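Student: pasting the sequence and the predicted coordinates here, then a few questions.
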Amino acid sequence: RRLVVLGVEGGLLLLCFFYCLIAPREYEASARVELRTSQTSPISFESPEPSISASVFSAPIALETVAGVLRSDRLAWRTITALKLYEAPGFRGSFPRRFPGVRVDSPGPDAQAWLLERFARQLHVQTLPRTLLIQIRFRSRDGALSATVVNELIHAYSEQASESQIEATA
């Protein structure tokens with residue numbers, strides 16, 4: 001009886017060992033960004049004094065809005081095309097086989113939807129409770145690519161926010 005239990009445990013350990021050898025490695029990069037509730041003067045070079053404003057009460061709504069924008073297809077597509085993820089071995093998967101000869105500057109709706117869906121599955125954006133922080137995580141088979149995607153997504157969000165502000169001012 002004891003021999004059977006040891007045999008089963010040994011078999012399970014052996015299976016786990018083989019799984020670890022053949023399982024694809026995945027790497028996850030993570031960043032936290034802060035939602036700023038007070039505006040700094042464009043002239044001032046000093047950091048603003050901490051203050052509580054009326055916007056503290058609307059901060060959870062603003063935080064969810066920013067998180068939603070970070071999850072948006074528009075920002076995802078900007079990141080995909082900026083980094084040429086459709087060519088990156090750590091991201092592309094079966095894309096070249098499924099869509100041979102696709103032009104990414106004018107992809108068909110199926111190819112674009114496939115890339116956006118793959119990106120969304122690998123991206124996780126969440127607000128951190130009782131803070132003004134948003135955590136962004138991206139998982140891929142290439143650690144450097146994961147970090148680059150997180151950084152590019154933040155950069156693309158910043159550019160998009162600046163463009164929106166310029167459009168609103170104009």
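Tutor: Everything's here; your move. Residues are numbered from 1 along each chain as shown.
Student: any low-confidence regions in this structure?
Tutor: Along the chain, the parts satisfying pLDDT under 70 run over 1, 18-24, 37-57.
Student: residue boundaries of the helices in it?
Tutor: For the chain, applying DSSP state H gives helices covering 2-22, 59-70, 73-83, 89-92, 95-98, 109-122, 143-169.
Student: what is the orientation angle of the last one with helix 109-122?
Tutor: So the one you mean is helix 143-169. Angle, helix 143-169 to helix 109-122, by axes from the mean of the first three to the mean of the last three Cα atoms, to 10 degrees: 110 degrees.
Student: which strands and helices sit next to helix 143-169?
Tutor: Helices and strands touching helix 143-169, by 3 or more Cβ pairs under 8 Å, 6 or more residues apart in numbering; DSSP states H and E, are strand 27-34, helix 59-70, helix 73-83, helix 89-92, strand 133-140. All C-beta atoms are positioned from the backbone trio N, CA, C, and that covers glycine.
Student: CA atoms only: put the first one into CSV for me.
Tutor: Spelled out, it's strand 27-34. The C-alpha trace of strand 27-34 is given here as CSV (Å, rounded to 0.1, in the frame of the first residue of the first chain):
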residue,chain,number,x,y,z
TYR,A,27,7.0,36.6,-18.8
GLU,A,28,5.0,39.3,-17.3
ALA,A,29,6.0,43.0,-17.0
SER,A,30,4.1,45.3,-14.7
ALA,A,31,3.9,49.0,-14.0
ARG,A,32,1.9,51.2,-11.8
VAL,A,33,0.8,54.7,-12.8
GLU,A,34,-0.7,57.4,-10.7
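Student: now do the contacts for residue 85.
Tutor: 79, 91, 92, 115, 119, 145, 149 (Cβ atoms under 8 Å, 6 or more residues apart in numbering).
Student: residue 111 too?
Tutor: 95, 98, 99, 102, 104.
Student: switch the residues you listed over to CSV; also include distance to residue 69 and neighbour count.
Tutor: Shown next, in CSV, are those (distance: Cβ to Cβ, whole Å; neighbours: other Cβ atoms under 10 Å):
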residue, distance to residue 69, neighbour count
95, 25, 19
98, 29, 12
99, 27, 18
102, 27, 18
104, 23, 17
